[in-house]
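*Asks:* any chance you can model this:
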Amino acid sequence: MSVELAQVPAVRLTLPDGSVKTFAAALTGAELAASIGPGLAKSALAIEVDGRQRDLSHRLEGEHAVRIITRKDPEALELLRHDAAHVMAEAVKELFPETQVTIGPAIEDGFYYDFARPTPFSPDDLALIEQRMREIVARDEAIVREDWQRDDAVAFFKEQGEHYKAEIIASIPDGEEIGLYRQGGFIDLCRGPHLPSTAKLGNGFKLMKLAGAYWRGDHRNPMLQRIYGTAWRDEKELAAYLTRLEEAEKRDHRRLGREMNLFHQQEEGAGMVFWHPRGWTLYRTLERYMRGQLEEAGYVEVKTPQLLENRLWVASGHWEKFREAMYVTESEERLFCLKPMNCPCHVQIFNQGLTSYRDLPIRMAEFGSCHRYEPSGGLHGIMRVRNFTQDDAHIFCTEDQVEGESVRFCELLKRIYKDLGFDDVLVKFSTRPDVRAGTDETWDKAEAALLAAARAAGIEPVLNPGEGAFYGPKLEFTLRDAIGREWQCGTLQMDFVLPERLGASYIGEDGAKHRPVMLHRAILGTFERFIGILLEHYAGRLPLWLAPVQVVVATVTQDGDAYAQEVAAALKAAGLRAEVDLRNEKIGYKVREHTLAKAPILLAIGKREAEERTVALRRLAGGAQQTLALDDCLAMLRAEGSVPASS
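*Replies:* Numbers count the residues shown, from 1 in each chain. Alright, predicted model coming up:
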């Protein structure tokens, strides 16, 4: 008997709370959950073993740190979305057996699957597929992993007529584990993990749209049909997401740009922006505000060339890294590039003459116009463009000054974001990427210094491994807008590499040459994208100080024309951006039109107002109309519409 017991493997499992459970024999993740309690057994979706997610059917032997993943955990969403893709593929195969399946990953907010089918799917087909998915969920089909040999799996899928799937498996190196997952009559290639059964998916999913996609992303390959869907923990979360989408559609900056007559884009300048007078007014107002903040914070502003010979970009390392995104031209047998960023140009200014340690830090800012080639499929209004202006700056300092300069920058950034209406800021700490410049020793020093600086600024950033710039680690500042979407905008990057490559140096207290540390920093990111974010955040109803047209003076009758002109002139003299609407239209029509154009304030002028030298003030975002004496109105709007002051 003792010999038999000795052959049974002991199992020792450490749970997240530090408690340890021991078992005399191997057991599955599902059995572990059941041993803890029936509630956990019912809610368990998968298990994490030593940091790696596994199916609940995974057998546990030996010693491990384990965690049961339930619907409440952050990881649950990706599991649910991945399973939704498989359930959708099963539904498609049942309804349209001639269809071949290819790949179907989970993505942000949902999932997709690419299908090869001679007949295009229609919107009506989506409704049928979604209904069949719900039937598959109701069947509660067990989802079971099977381990196959590669060649056997290739042969199996070829026999099934699934040539795309066979091609994927054939590309996997021989000897690697091939995992297939079976649910009902459907089987698919997948690393996993997956839910224990289709019923665990629930009904918090919806198919969203159809699109085309080339096989393996190559335009030389056949075009496939992609079905996108979204999946959530439950129907309540799904409804909330669909409401957010509806709200996001109303806030789309491209539509607002048309309604507010701010800008347009056209094919002849794909990825470029044609700023209209009102849009350019908004742009210049934001630029003027930023310039004031930078001057107050001790920055000097510079301007550098747009076109530079490629040897500068070779020396900096950008040619190797960004060549495919750079616009290139040739002149006099020399190769030139439109600058994709400003950093090497600022080093050139720093390198003019001798710099002493007493001159540091130097905070060098530029509203630099840059060009980068973005594939046409990636362009998106003014959010993703080919020509953009960065609110760029570089701080040249000593190693001892890094912490203080980083704290100063973080304080400036927070103040600006607050002025612009963003109080909710997430900070990520992005560490060394796989492909990078500089030695590991340099990266160790840079990462340690930047993390210490963040903490000195009262920030405990979220680790974002492998996402640093090729020359150094960075802090990334992400804003959350009015409907909960996140936008990465600001950045602070520490760079020991570029000063070395471009020969930057200063004379230290010891009389010797030293390399400065270069802090790359931006707050808005780019003016174009940030203006798009502002428009969507405020749904076009910008704060009065930012609004391109702050006040519209509109006549009720022609009796008020002369006084309306006088009021508009007084508003402009007070520094307010005002327009006059003297058209022979009813005041209700004018109110509706200017409301659509997102003018903040309308002053209605009729015979009575002209006689009494008053104005009828109406806030077009809502609120009761009030009658004010002209001087009182001017004083109130002047105070309300002024640019936030530096503090």
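*Asks:* let me see the domain layout of this protein.
*Replies:* The chain resolves into domains spanning 2-70, 75-247, 298-526, 551-640 when parsed by automatic domain parsing.
*Asks:* just so I know, which of the ones you listed lies nearest M290?
*Replies:* Distances from M290 to each of those were compared using CB to CB; the shortest belongs to domain 298-526, at 5.6 Å. Using the backbone N, CA and C atoms, a C-beta is placed for each residue, glycine as well.
*Asks:* and the end-to-end length of that closest one?
*Replies:* Start and end residues of domain 298-526 are separated by 21 Å (CA to CA, to the nearest Å).
*Asks:* E94: what's it in contact with?
*Replies:* For E94, the residues meeting the contact criterion (CB atoms under 8 Å, 6 or more residues apart in numbering) are R132, G185, F186.
*Asks:* so which of the residues you listed sits lowest on pLDDT?
*Replies:* In terms of pLDDT, the weakest of the contacts of E94 is G185, which scores 92.
*Asks:* T526 touches N387, doesn't it?
*Replies:* No: if you go by CB atoms under 8 Å, T526 and N387 don't touch, sitting 9.8 Å apart.
*Asks:* name the residue in these two with the higher neighbour count.
*Replies:* It is T526, of T526 and N387, that has more neighbours when counted by other CB atoms under 10 Å, with 22 against 17.
*Asks:* excluding chain neighbours, what is closest to that one?
*Replies:* F388 (4.1 Å; CB to CB, 6 or more residues apart in numbering).
*Asks:* ok, Y181 next?
*Replies:* C190 (5.0 Å).
*Asks:* just to revisit the earlier point, tell me the bridge partners for the residue nearest to T526.
*Replies:* On the basis of DSSP bridges, F388 takes part in beta bridges with C370.
*Asks:* any idea how many residues pack against it?
*Replies:* Here the count is done by other CB under 10 Å, and F388 has 22 residues near it.
*Asks:* which residues does it contact?
*Replies:* Contacts here follow CB under 8 Å, 6+ apart; on that basis F388 touches S369, C370, R372, T526, F527, E528, R529.
*Asks:* name the nearest of those residues relative to D481.
*Replies:* R529 (12.7 Å).
*Asks:* didn't that closest one look like it was pressed against G381?
*Replies:* No: at 9.2 Å, R529 does not count as touching G381 under the criterion of CB under 8 Å.
*Asks:* which SSE is immediately downstream of the helix or strand bottoming out on mean pLDDT in the chain?
*Replies:* Here the helix or strand of the chain ranked lowest by mean pLDDT, DSSP states H and E is helix 2-7, holding a mean of 46. Towards the C-terminus, the helix or strand next in line after helix 2-7, according to DSSP states H and E, is strand 11-14.
*Asks:* strand partners of that next one, parallel vs antiparallel please.
*Replies:* With DSSP bridges as the criterion, the sheet partners recorded for strand 11-14 are strand 20-23 (antiparallel), strand 62-70 (parallel).
*Asks:* so can I have JSON lines of these showing mean neighbour count?
*Replies:* Formatted as JSON lines, the entries for the strands paired with strand 11-14 read as follows, by neighbours: other CB atoms under 10 Å:
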{"stretch": "strand 20-23", "mean neighbour count": "12"}
{"stretch": "strand 62-70", "mean neighbour count": "16"}
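*Asks:* could the ones you listed go into JSON lines alongside distance to E405 and mean pLDDT?
*Replies:* Written out in JSON lines, the entries for those read as follows (distance: least, CB to CB, whole Å; pLDDT from 0 to 100):
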{"stretch": "strand 20-23", "distance to E405": "48", "mean pLDDT": "92"}
{"stretch": "strand 62-70", "distance to E405": "40", "mean pLDDT": "94"}
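*Asks:* CSV for these, including distance to G472?
*Replies:* Conversion of the strands paired with strand 11-14 to CSV gives the following (distance: least, CB to CB, whole Å):
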stretch, distance to G472
strand 20-23, 42
strand 62-70, 33
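*Asks:* figure out which of the ones you listed is closest to A213.
*Replies:* Between A213 and those, the shortest separation by CB to CB is 30.3 Å, and it involves strand 62-70.
*Asks:* let me know the secondary structure of E536.
*Replies:* Put simply, E536 is helix when judged by DSSP: H, G, I helix; E, B strand; the rest coil.
*Asks:* just checking, it touches R254?
*Replies:* No: here E536 does not reach R254: they are 9.9 Å apart, not a contact under CB under 8 Å.
*Asks:* more neighbours: which of these two?
*Replies:* E536 (24 against 17).
*Asks:* quick one: closest of the strands paired with strand 11-14 to I178.
*Replies:* strand 62-70 (24.1 Å).
*Asks:* with only the CA atoms kept, save that closest one in CSV.
*Replies:* Presented in CSV, the C-alpha positions along strand 62-70 are these (Å, rounded to 0.1, in the frame of the first residue of the first chain):
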residue,chain,number,x,y,z
GLY,A,62,3.6,19.3,-8.7
GLU,A,63,4.0,22.8,-7.3
HIS,A,64,2.4,25.8,-8.9
ALA,A,65,1.0,29.3,-8.3
VAL,A,66,-2.5,29.2,-9.6
ARG,A,67,-5.5,31.5,-10.0
ILE,A,68,-9.0,30.7,-11.1
ILE,A,69,-10.2,33.2,-13.8
THR,A,70,-13.9,34.2,-13.6
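*Asks:* closest to A41 out of the strands paired with strand 11-14?
*Replies:* In terms of CB to CB, the element of the strands paired with strand 11-14 nearest to A41 is strand 62-70, at 9.1 Å.
*Asks:* average pLDDT across whatever helix or strand comes next after the closest one?
*Replies:* Counting by DSSP H and E, the element after strand 62-70 in chain order, helix or strand, is helix 75-95. Averaging pLDDT along helix 75-95 yields 96.
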